[in-house]
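Chemist: When you get a sec, could you give me coordinates for this:
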Amino acid sequence: MNKAVFLDRDGVINIEKDYLFRIEDFKFIDGVFNSLKYLQDKGYLLFIVTNQSGIGRGYYTLNDFNKLTSWMLKEFKKNDIIISQVEFCPHIPQDNCLCRKPKTLMIDNILKNFDINLNN
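Modeler: Sure thing, here's the model as predicted:
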């Protein structure tokens, strides 16, 4: 069984900016690389679960989100950090979907691919 850390993106990995989708607007939070490297070195798998209602609102596209996510993962990899899986919810709150946090579908999707010890 694996240990895991589930991280939000906006405000945790990067500085909060409403409806962020441009690489040039993405700024990593100070210390995030050292912190995630520390957790990874302690044996934790790292996952990102992020609400992205900007897609559902039409502020940016799925392609825009994927481009930014790919770039972000490459930046982590340059720092020897592996994000095991990224899950996102593209819906607006009014859609009442099962994936938008605080609902759990994004984590449930990760659990399909990884044996994680939820008790610990």
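Chemist: Provide the count of other residues in contact range of C89.
Modeler: 22 (other C-beta atoms under 10 Å). In this view, the C-beta of every residue, glycine as well, is placed from N, C-alpha and C.
Chemist: So what pairs up with it in the strands?
Modeler: Going by DSSP bridges, C89 is paired in beta bridges with N51.
Chemist: So it is in contact with N96, correct?
Modeler: No. Shown here, C89 and N96 do not form a contact pair, counting by C-beta atoms under 8 Å, at 11.5 Å.
Chemist: where along the protein do the strands fall?
Modeler: Shown for the chain, the strands assigned by DSSP state E span residues 3-7, 44-51, 83-89.
Chemist: Return the list of helices and strands in contact with the longest one.
Modeler: On a contact count with 3 or more C-beta pairs under 8 Å, 6 or more residues apart in numbering; DSSP states H and E, strand 44-51 meets strand 3-7, helix 32-41, strand 83-89, helix 105-111.
Chemist: Show me which positions of that strand end up buried.
Modeler: By neighbour count with 16 or more other C-beta atoms under 10 Å, strand 44-51 contains the buried residues 44-51.
Chemist: and which of those is nearest to L20?
Modeler: Of all the buried residues of strand 44-51, T50 has the smallest distance to L20: 10.2 Å, by C-beta to C-beta.
Chemist: quick one, what contacts I92?
Modeler: 53, 56-57 (C-beta atoms under 8 Å, 6 or more residues apart in numbering).
Chemist: Of these, grab the buried ones for PyMOL.
Modeler: Buried members of the contacts of I92, defined by 16+ other C-beta under 10 Å, are picked up in PyMOL with:
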select buried, resi 53+56
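Chemist: Great, nothing more from me.
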